[in-house]
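K.L.:
Show me the folded form of this:
(2 chains, ligands or ions: 1)
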Amino acid sequence: MCLAVPGKLIEIISAPGASRLGRVDFDGIIKTADLSLLPDVHVGDYLVVHAGFAIAEISADEALATLALLAELAEFGEEP
Amino acid sequence: MNSRLPAGYNPVRPFRDPAAVKALLQRIESAVTRPWSIMEICGGQTHAIRRYGLDELLPDSIELIHGPGCPVCVTPAAKIDRAVELSLRPGFLLCTYGDMIRVPGSGDSLATAKARGGNLQSVYSALDALQLAREQPDREIVFFAIGFETTSPGHAQALQVAIDEEITNFSMLCSQVTVPAALTMLLGDDSHRIDGVLAAGHVCTITGSNEYHAIAERFRVPVVVTGFEPVDLLLGIADCIDQLEAGSYRVGNSYTRIAKDDGNPVARAALVRMFEPVDMEWRGIGVIPGSGLGLREEFAAYDAERKFQFESRIGSHDDQSGCISGQVLRGLATPERCPNFGQSCTPATPLGAPMVSAEGACAAYYQYARFE
Ligand code: SF4
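P.N.:
As a prediction, the model looks like this:
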């Protein structure tokens, strides 16, 4: 239920009379998501989608910082 | 200015990387000096823990206790009974998430009601239910709105659209719950053995981590916002263990790329606009004051429980099946301790919701069985 899946926003479309919709690429599977809870997103951003709504934008800075931390840990772990 | 992620960025794969998992396990192992029990709140986390066998990979001194974060599991039988009642009413169509359909109420589940002629539609989003209301104006479309803070903002948005478009044949049967109230109840119980808490990362994308400061402070437990991939879970556990070993109890965030400290303010505003805290029964656990999100009075026309009359009463419908889901949801018993587990209760013949839901602990234990 609280499963939320990350994907890349590849297109913003607006449905007539309704809220802003986006097309999101989930590792090759493209689905439509409602963007009304994330008014400031742009094409190319990574979003987390849950039950048809984009609920969060992935912060590039934070993602890169976590990846750097992991790389550091893995390197450290490899030493004898 | 925010940097951009590289073109080939994969938002999932690095967080399942075996080398990173191994390094984190080593890191945790070197930090832990005594036994600790950590509760993961969300059933999605329970499933990931069992699926990747993290509970076995971690040092024996770390015990993971499974929490109540399974919205389907905590939806009271009485609400399911009302959903069943509406589904059987001529001219009505009951819509809800797929997970909810096979969960028994005090008698029928929505699935068994459908077999008796009930009108039921499984939907992926509240917007799908709204679309059905547009397409079938002479039918009452009732959306059975269950979920935690992750899900409820979408319900609020769908409702806003219904109001804007003056769609009058759409309503919601609300069974929405919030995490902090439940966590406060669990930690306030003297018999609990929770040393640290992994807060549910996706709930926190909406609420942020700020609302956990008071809980960490009051109960002196570290609360760490944690994601769902193996690496994310281990990052959360590592932070929790570091804090416990150091005797501190802060709110940590190991899911910073997705859950911001102040969450999603637009979504939170949508929740506040449409809903207000109500006392809510959690199945198997009991009523937790202020733990539900009900529709505000001004939206009564969209509230199925105000709009329609019911034969079935809201009250406590005791489960007669011998299901111990209440203990499982409070982390007091593991599913294997239930005499029905794998015997009279299986995913094909569930006696309780935790065996049905994709987030239920019993389903996780059944699906990822261990042979010892
Ligand atoms: S195994 Fe079945 S009967 Fe036992 S607690 Fe889980 S859902 Fe309930």
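
K.L.:
Which residues of the stretch 251-372 of chain B lie near the ligand?
P.N.:
B:323-325, B:328, B:335, B:338, B:340-341, B:345, B:351-352, B:354-355, B:362 (Cβ under 6 Å from any ligand atom). Any C-beta I mention is one placed from the backbone N, CA and C, and that applies to glycine too.

K.L.:
ok, 8 Å please
P.N.:
B:321-325, B:327-328, B:333, B:335, B:338-342, B:344-345, B:350-356, B:360-362, B:366 (Cβ under 8 Å from any ligand atom).

K.L.:
how deep is B:V266 tucked in, by neighbour count?
P.N.:
By the criterion of other Cβ atoms under 10 Å in any protein chain shown, B:V266 has 16 neighbours.

K.L.:
quick one, what contacts it?
P.N.:
A:36-39 (Cβ atoms under 8 Å, 6 or more residues apart in numbering or on different chains).

K.L.:
avg pLDDT for stretch B:101-110?
P.N.:
Averaged over stretch B:101-110, pLDDT sits at 92.

K.L.:
Show me which residues of it are buried.
P.N.:
By neighbour count on 16 or more other Cβ atoms under 10 Å in any protein chain shown, the buried set for stretch B:101-110 is B:101-105, B:108-110.

K.L.:
Give me the distance between the two termini of that stretch.
P.N.:
By Cα to Cα, to the nearest Å, the extent of stretch B:101-110 from end to end equals 5 Å.

K.L.:
does any bit of it sit next to chain A?
P.N.:
No - Stretch B:101-110 lies out of reach of chain A by Cβ under 8 Å from any Cβ of the partner chain, never closer than 11.8 Å.

K.L.:
helices or strands next to the helix or strand that B:V84 is a member of in the packing?
P.N.:
If you go by DSSP states H and E, B:V84 is part of helix B:77-87. If you count contacts as 3 or more Cβ pairs under 8 Å, 6 or more residues apart in numbering or on different chains; DSSP states H and E, helix B:77-87 packs onto strand B:92-97, helix B:110-115, strand B:140-147, strand B:170-177, helix B:304-307.

K.L.:
Contacts for the longest helix belonging to chain B, please.
P.N.:
In chain B, taking DSSP state H as the definition, the longest helix is helix B:230-246. Applying Cβ under 8 Å, 6+ apart, the external contacts of helix B:230-246 come out as A:66, A:70, B:14-17, B:20-21, B:24-25, B:27-28, B:31-33, B:36, B:38, B:40, B:45, B:48-49, B:52, B:54, B:58, B:62, B:195-198, B:201, B:222, B:224-227, B:249-250, B:252, B:254-255.

K.L.:
Any of those residues buried? List them.
P.N.:
A:66, A:70, B:14-15, B:17, B:20-21, B:24-25, B:27-28, B:32, B:36, B:38, B:40, B:45, B:48-49, B:52, B:54, B:58, B:62, B:195-198, B:201, B:222, B:224-227, B:249, B:252, B:254-255.

K.L.:
follow-up on the earlier one: would you mind writing the CA trace of the helix holding B:V84 as CSV?
P.N.:
Output in CSV follows, covering the C-alpha atoms of helix B:77-87 (Å, rounded to 0.1, in the frame of the first residue of the first chain):
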residue,chain,number,x,y,z
ALA,B,77,-13.9,-5.2,10.5
ALA,B,78,-16.8,-2.8,11.0
LYS,B,79,-15.6,-0.6,8.2
ILE,B,80,-15.2,-3.6,5.9
ASP,B,81,-18.7,-4.6,6.8
ARG,B,82,-20.0,-1.2,5.7
ALA,B,83,-18.1,-1.4,2.5
VAL,B,84,-19.6,-4.9,1.9
GLU,B,85,-23.1,-3.5,2.7
LEU,B,86,-22.7,-0.7,0.1
SER,B,87,-21.3,-3.1,-2.5
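
K.L.:
so where is the chain shaky, pLDDT-wise?
P.N.:
Let's take chain A. A:1-2, A:15-18, A:77-80 (pLDDT under 70).

K.L.:
You answered for a different chain; I wanted chain B.
P.N.:
For chain B, applying pLDDT under 70 flags the ranges B:1-3, B:314-320, B:371-372.

K.L.:
Now do the strands in chain B.
P.N.:
B:36-42, B:62-69, B:92-97, B:120-123, B:140-147, B:170-177, B:196-200, B:223-226, B:251-253, B:275-282, B:286-295 (DSSP state E).

K.L.:
Who is B:F144 paired with across the strands?
P.N.:
With DSSP bridges as the criterion, B:F144 is bridged to B:L173.

K.L.:
what residues are up against it?
P.N.:
Shown in contact with B:F144 (Cβ under 8 Å, 6+ apart): B:79, B:83, B:94-97, B:100, B:110, B:172-173, B:175.

K.L.:
out of those residues, who's nearest chain A?
P.N.:
Nearest to chain A among these is B:Y97, at 6.5 Å by Cβ to the nearest Cβ.

K.L.:
what pairs with that closest one across the strands?
P.N.:
Beta-bridge partners, per DSSP bridges, of B:Y97: B:V123.

K.L.:
I'd say it and B:L120 touch.
P.N.:
No - at 11.7 Å, B:Y97 does not count as touching B:L120 under the criterion of Cβ atoms under 8 Å.

K.L.:
For B:D99, see how far away the closest residue to A:I55 other than its chain neighbours is.
P.N.:
Distances taken as Cβ to Cβ, 6 or more residues apart in numbering or on different chains put B:T205 closest to A:I55, at 5.3 Å, once the chain neighbours are dropped. From B:T205 across to B:D99, the span is 20 Å (Cβ to Cβ, to the nearest Å).

K.L.:
go on, B:I206?
P.N.:
Distance of B:I206 to B:D99, given as Cβ to Cβ: 19 Å.
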